[in-house]
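> Only the shape, not the letters, is given here:
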């Protein structure tokens, strides 16, 4: 496995603390020309937003950490986005007994905005964990893919999620799961947006019911690669939420995983913001991974998870 950090910086003061020439500009030539016209002689190419993309162990990141610490010492909170990117060989992926399911294809709005009903009467007042979905999932279907009768629906998107991590799968993908008798998941009806909307035949909700237990050390949580949330601001004191973001591969106690093809972790990741609540990490078996790959189901990625 190879691991990089991908960082986007638009904070002018922060950028001026970084080494000269580090990263690449995010501006196109048209962007650059527009800013030259607007800013005149004050325009500097060194002030353009940048992308830094280097291996995790690159010495560049030591300099970035120093710049972040220096700014925080002046009460200026540097503004940036940073995350890990992992690349695996095919051998690593097919050798893993358990994998983390990643669904990069997301869409708005959240199910609750479309008529999905949740019961939060017994949920955690701090993090929102424990709410129960009481109705069919309602989503705005036209946001999932562009309608085009000439292109089979399953070839466009096989699996997707709302911004609130409500997962849906195409009819083709759902049929594959049923035929293969994939365990640990319920396939439920999906309705269009609106409390009285009809059930769609094209999609079903992917509701994970298998259990993977809690994530364990050396799993790492935090805000980003440069902020591990040492004070625990984003950890639920009741133990429901382990952190704002998952920063490492997942480690699971083999004795806690129930052996399901799809399983959710007992502890959650994220925070409660408006309609969004923390969610579990979804793990899948090698059998399920092979089913998705061999049938070219689109819309997912996978990372190796570890059973210890």
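Perfect, thanks for sending it. All of these numbers come straight from a predicted model, not from anything done at the bench. Residues are numbered from 1 along each chain as shown.

> For residue 219, which non-adjacent residue is closest in space?
The shortest distance from residue 219 to any non-neighbouring residue, by C-beta to C-beta, 6 or more residues apart in numbering, is to residue 251 (4.8 Å). Quick note: C-beta positions are derived from backbone N, CA and C, even for glycine.

> Is that neighbour in a helix, a strand, or coil?
strand (DSSP: H, G, I helix; E, B strand; the rest coil).

> separation between it and residue 129?
21 Å (C-beta to C-beta, to the nearest Å).

> now residue 273
Counting by C-beta to C-beta - residue 273 and residue 129 are separated by 14 Å.

> Same question for residue 70.
Distance from residue 70 to residue 129, by C-beta to C-beta: 37 Å.

> of the two, who's got more company?
Using other C-beta atoms under 10 Å as the criterion, residue 70 and residue 129 rank with residue 129 on top: 22 against 13.

> Is the more buried one in contact with residue 271, as I believe?
No. Using C-beta atoms under 8 Å, residue 129 is not in contact with residue 271, being 10.9 Å away.

> thinking residue 281 is in contact with residue 263, fair?
No. Counting by C-beta under 8 Å, residue 281 sits too far from residue 263 to count as a contact (9.4 Å).

> Who has more neighbours out of those two?
Counted by other C-beta under 10 Å, residue 281 and residue 263 do not tie: residue 263 has more neighbours, with 30 against 23.

> Contacts for the host helix or strand of the more buried one, please.
Using DSSP states H and E, residue 263 sits within strand 262-269. Under the criterion C-beta atoms under 8 Å, 6 or more residues apart in numbering, residues 101, 127, 129, 182-185, 206, 208-215, 221, 236, 239-246, 250, 252, 256-257, 278-285, 288 lie in contact with strand 262-269.

> got the end-to-end distance for stretch 4-17?
21 Å (C-alpha to C-alpha, to the nearest Å).

> In it, which residues are buried?
Judged by neighbour count (16 or more other C-beta atoms under 10 Å), stretch 4-17 contains these buried residues: 4-5, 7-9, 14-15, 17.

> Identify the residues contacting that stretch?
By C-beta under 8 Å, 6+ apart, stretch 4-17 touches 18, 23, 26, 46-47, 49-56, 61, 64, 67-68, 70-71, 76, 78-87, 225.

> Go again with 6 Å.
Outside stretch 4-17, the residues that touch it by C-beta atoms under 6 Å, 6 or more residues apart in numbering are 47, 49-53, 55-56, 67, 76, 78-83, 85, 225.

> Longest strand of this structure, counting residues only.
strand 199-208 (DSSP state E).

> which secondary structure elements does that one contact?
strand 167-170, strand 185-191 (3 or more C-beta pairs under 6 Å, 6 or more residues apart in numbering; DSSP states H and E).

> Show me what the next helix-or-strand element following that strand is packed up against.
For strand 199-208, the succeeding helix or strand toward the C-terminus, using DSSP H and E, is strand 210-213. Helices and strands touching strand 210-213, by 3+ C-beta pairs under 6 Å, 6+ apart, are strand 262-269.

> now residue 164: how far from residue 270?
According to C-beta to C-beta, residue 164 and residue 270 sit 10 Å apart.
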